[in-house]
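Participant: With the input below, show me the fold.
(one chain, ligands or ions: 1)
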Amino acid sequence: MLSTNKIMISKKISTKIAYIAAICAAINIAAITKTPTANAASLSIANAGFEEPIIGEGEFTTNVLPGWTLYDPSNLTSASIGVGEPIYGAYNPTADVYFNEAPEGNNVGYVYLTYPPGSGAVGISQTLTSLLTANTKYTLQVEIANIPPVNGFTILDGFPGYAIQLLAGGTLLTQDFNSLSIIEGAFVTSTISFITSANNPNLGQALEIRLLNILESDGIEINFDNVKLDATPIPEPASILGITFGFVGASLALKKRKMIRQ
Ligand code: CA
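Facilitator: The predicted structure follows:
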């Protein structure tokens, strides 16, 4: 049976533990809530909304897209491009293609591949001037559309599948490999994130964005728009450890006091 004195000491210790736990929780919540807004920066992407060049309603460019280059690792498109067939470019969709036309501005980007499923992935790529930095959260966001078979273009039926990739120094950091289901005529937003550690082997390498048509299913064309890449510094792991050790230290101190009083 506990004596009255011991019960009082026990109550005091419980109250103090609760008080310290509340302070620690508040510190942790403050650290967590502060993270997403800490100096978030939008990294510069050339022609991120595919508004260059300016083209008329319903028009498109043929393999001309300022800021972006063709990504075709298996050289699938060389013969088609040689005869002037459209593979990639800017496209200004009308309201009968997409109800709201382009999600941003007037144009979207396109990757158009008339090859059977399984032929390989082809897309557009841009290497940024921004370099991969330690202790940073990168968030890449892209609008992706499934172009409908309008105006008798039944060839546009179906959807070949897409991939959105973030790289540094040619190494894939993270990707959305066709995870979203996109119905005909719809745009959806793909969002992927990557957090760099202090010792990521690609620190200092140039970031790269790839938007791919992966030819996984029957379908030919994918449209993209409004590419955004944010970089947000995150707290050093040392400061998080500092808070944790602070909490452990306070608990140990209380236990020690309790042992002395008993
Ligand atoms: Ca646009």
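Participant: And the protein, what are its domain boundaries?
Facilitator: The record's domain split for the chain, according to automatic domain parsing, is 2-37+238-261, 40-235.
Participant: could you redo the ones you listed as TSV and give each row mean pLDDT and mean neighbour count?
Facilitator: No exception for glycine: its C-beta is placed from N, CA and C like everyone else's. TSV is the format used below for the domains of the chain (pLDDT from 0 to 100; neighbours: other Cβ atoms under 10 Å):
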stretch	mean pLDDT	mean neighbour count
domain 2-37+238-261	49	12
domain 40-235	96	17
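Participant: The ion: which of those is closest?
Facilitator: Across the domains of the chain, the ion has its closest neighbour in domain 40-235 (3.5 Å, Cβ to the ion).
Participant: roughly how far out does that closest one sit from the chain middle?
Facilitator: Domain 40-235 has its C-alpha centroid displaced from the chain centroid by 12 Å (Cα atoms, centre = their mean, to the nearest Å).
Participant: hey, where'd the strands end up in the stretch 151-262 of the chain?
Facilitator: Per DSSP state E, counting those that start in this stretch, the stretch 151-262 of the chain carries strands over the ranges 162-168, 171-177, 187-195, 206-213, 221-233.
Participant: got the contact list for the fourth one?
Facilitator: Right, the one you point to is strand 206-213. For strand 206-213, the external contacting residues (Cβ atoms under 8 Å, 6 or more residues apart in numbering) are 43, 45, 71, 109, 111-113, 121-132, 138, 140, 142, 160-170, 221-222, 224, 227, 229.
Participant: ok, what's across the strand from the nearest residue to residue 132 once chain neighbours are set aside?
Facilitator: Take residue 132 and drop its neighbours on the chain: the residue closest to it by Cβ to Cβ, 6 or more residues apart in numbering is residue 168, 3.9 Å away. For residue 168, the beta-bridge partners are residue 171, residue 207 (DSSP bridges).
Participant: Next, the contact list for residue 168, please.
Facilitator: The contact partners of residue 168, by Cβ under 8 Å, 6+ apart, come to 131, 132, 200, 202, 205, 206, 207, 208.
Participant: need the strands of the stretch 151-262 of the chain in CSV with distance to residue 97, can you?
Facilitator: Formatted as CSV, those follow (distance: least, Cβ to Cβ, whole Å):
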stretch, distance to residue 97
strand 162-168, 18
strand 171-177, 23
strand 187-195, 11
strand 206-213, 17
strand 221-233, 9
